[in-house]
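# Structure, please.
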Amino acid sequence: MLIGFVIIYLLFTIIIGWYSSRFVKNSTDFAIAGRRMPTYVVASGLFATWFGSETVMGASSEFVENGLLGVIEDPFGASLCLLLLGVLFVKPLYKLNILTFSDYYSMRYNKTAEWVSAIFMIPSYFGWIAAQLIALATVLQAITGLEIIYGVLICATVVVFYTYIGGMWAVSITDTIQTMMIIIGLLVLVIILINQVGGLDRIVNNTPNGFFRFIPKENSVADWSHYFVAWITIGLGSIPQQDVFQRILSAKTDKTAINGTYWSSMMYLTIAIIPLVIALCGKILYPYEIENNPQLTIPMLVLKHTNIGVQILFFGALLSAILSTCSGAILAPATVVGENLLKPLYGNKISDKKLLMIMRYSVILITIISIGFASWKTEIYELVSESSALSLVSLFVPLAAGLYWKKASALGAILSMVLGMGVWTFFEFFETPYPSTIWGLLASILGMIIGSYLKPQIEKLQS
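Sure, this is the predicted structure:
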């Protein structure tokens, strides 16, 4: 019965995506929903960017294994990212009437910076999309026993269809619906489990000493550097990510976009705590089962401790949430491929209809590559972390410097991206006591400073 209802739920979600396609008349509708979304839709979309596979399944398993310090990156870093977006980035970027971050690099620097940023931005999504596909397949495995690889292929097919036809309109509408449903499902589950384990006191008493420690125990440079990186990997690294940017640009006004980031930041800081509590309940009730596959903790608890109604609600909402997140993640690089890599090859001759078709074909290509990543790695938290780190070391500094440092030049931006990525990649293979992200970020900053002083540029864009 559960399988049947979940299939119906997913079909309903797909129908919403199909219905949304009637609003997609051009590339702007496909990429940013025609800039028509109200605050609550923007907030739901931003909240749903990571809330699904990353928080419900990835962060909860990390929390059980490593305590509070294990989840600084998410949900705390994610909440910081959304807050910083509203405070520093939304207003100057929203007014530019652009579709992608790479459009900004073109306006602020030059076409070369646009092209390089697109080349670096697109690969940052392969691991992120793969994480969503793994999460979808893991949920299907919990319900049906289906092997992960077959679940990935089935889910990828559904997501491609859903994204191809509906674009950001489909993402925005379903984000709002699934956000409400998943919150209700989590609240019901956490109340049931807290009662079954004997209350919050037993949960706290069952954790080891230092489990809720919020800062490093050892006062060493290496430990604090890892702690700092945990805060900035998503906290800064996800600021120049296209899926977040497209959800912001879907807002009908800049004020709506800013309020949406504040709402979603607060939602993330509070609601994302619920899966962590649920995971601790699971550790008490099923300590040995959780050790085998911690990512299955919450799905297993739902199956064992709730009735069929709650199971349908939870699994339907969770699958829908991850599906929507995955759709937004695929749409982001597909938009960049069309807008910043292929459109310039046509000059001014390309029609909007052809650009829309290119974006849709890019959806298929991006998904195929991501399936390869999903078959290579299966750890959700690790895949997400690597994706955010990649954009942090290559794209964040040129974005921030372009907005807030008048001397930032095109050469500085290009050197920042190339050096940051190169140094980060090097230290990924040759480890030091300090995270490779630190070295990459420092190299990115150094590249921006050196390049901007070697070849100054009059600011093209007033921020």
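
# I'd say Leu303 and Gln311 touch.
Yes: with contact defined as Cβ atoms under 8 Å, Leu303 reaches Gln311; the gap is 6.6 Å. C-beta here means a position set from N, CA and C on the backbone, and glycine is covered the same way.

# Looking at these two, which has the bigger crowd around it?
Counted by other Cβ atoms under 10 Å, Leu303 and Gln311 do not tie: Gln311 has more neighbours, with 21 against 15.

# which residues does the more buried one contact?
By Cβ atoms under 8 Å, 6 or more residues apart in numbering, Gln311 lies in contact with 2, 302-303.

# same thing but 10 Å
Neighbouring residues of Gln311 by Cβ atoms under 10 Å, 6 or more residues apart in numbering: 1-2, 5-6, 143, 185, 189, 299, 302-303, 305.

# Correct me if wrong, but it is in a strand.
No: according to DSSP: H, G, I helix; E, B strand; the rest coil, Gln311 belongs to no strand; its state is helix.

# distance of it from Ala33?
To Ala33, Gln311 is 32 Å away according to Cβ to Cβ, to the nearest Å.

# For Met57, the count of nearby residues, please.
For Met57, using other Cβ under 10 Å, the count is 27.

# Endpoints of stretch 209-218, how far apart?
Using Cα to Cα, to the nearest Å, one end of stretch 209-218 lies 15 Å from the other.

# Please apply the same query to stretch 31-50.
Termini of stretch 31-50 sit 19 Å apart (Cα to Cα).

# can you give me the mean pLDDT across that stretch?
Regarding stretch 31-50, the rounded mean pLDDT is 85.

# now stretch 10-21
76.

# so where's this structure shaky on pLDDT?
52-54, 289-295, 348, 376-386, 458-463 (pLDDT under 70).

# hmm, back to that, which residues are in contact with each of Leu303 and Gln311?
Residues touching both Leu303 and Gln311 (Cβ under 10 Å, 6+ apart) are 2, 143.

# picking that back up, could you identify the buried members of the contacts of Gln311?
When those are checked for burial by 16 or more other Cβ atoms under 10 Å, the buried set is 5-6, 143, 185, 189, 299, 302, 305.

# what about the helices in the stretch 1-150 of the chain?
In the stretch 1-150 of the chain, the helices defined using DSSP state H, counting those that start in this stretch lie at 2-20, 27-32, 39-48, 60-66, 78-84, 90-94, 101-108, 111-121, 124-144, 148-197.

# Ile366 is nearest to which of these?
Relative to Ile366, the nearest member of the helices of the stretch 1-150 of the chain by Cβ to Cβ is helix 124-144, separated by 6.9 Å.

# what's near enough to touch Ser362?
122, 164, 330-331, 333-339, 341-342.

# Those residues in helices, which ones?
Under the assignment DSSP state H, these contribute 164, 330-331, 333-336 to helices.

# returning to that earlier point: between the contacts of Ser362, which is closest to Phe427?
Nearest to Phe427 among these: Ile122, at 22.3 Å, using Cβ to Cβ.

# What is the neighbour count of Met267?
Neighbours around Met267, by other Cβ under 10 Å: 21.

# surely it meets Thr49?
No: look at Met267 against Thr49 with Cβ atoms under 10 Å: they stay out of range, at 11.3 Å.

# Residues that sit against both of these two, list them.
Leu82.

# what sits against the nearest residue to Cys155 once chain neighbours are set aside?
Sequence neighbours aside, Leu136 is the residue nearest to Cys155 in space, at 3.8 Å (criterion: Cβ to Cβ, 6 or more residues apart in numbering). For Leu136, the contacting residues are 10, 52-53, 148, 151-152, 154-156, 158-159, 318-319, 321-323, 325-326, 374, by Cβ under 10 Å, 6+ apart.

# Of the residues you listed, keep whichever come out buried.
10, 52-53, 148, 151-152, 155-156, 158-159, 318-319, 321-323, 325-326, 374.

# Contacts for stretch 250-262, please.
Outside of stretch 250-262, the residues within contact range by Cβ under 10 Å, 6+ apart are 31-47, 81-87, 89-95, 168-169, 171-172, 175, 244, 247-249.

# so how far is the first residue of stretch 21-31 from its last?
12 Å.

# What residues sit buried inside it?
Going by neighbour count (16+ other Cβ under 10 Å), the buried part of stretch 21-31 is 21, 23-24, 27-31.
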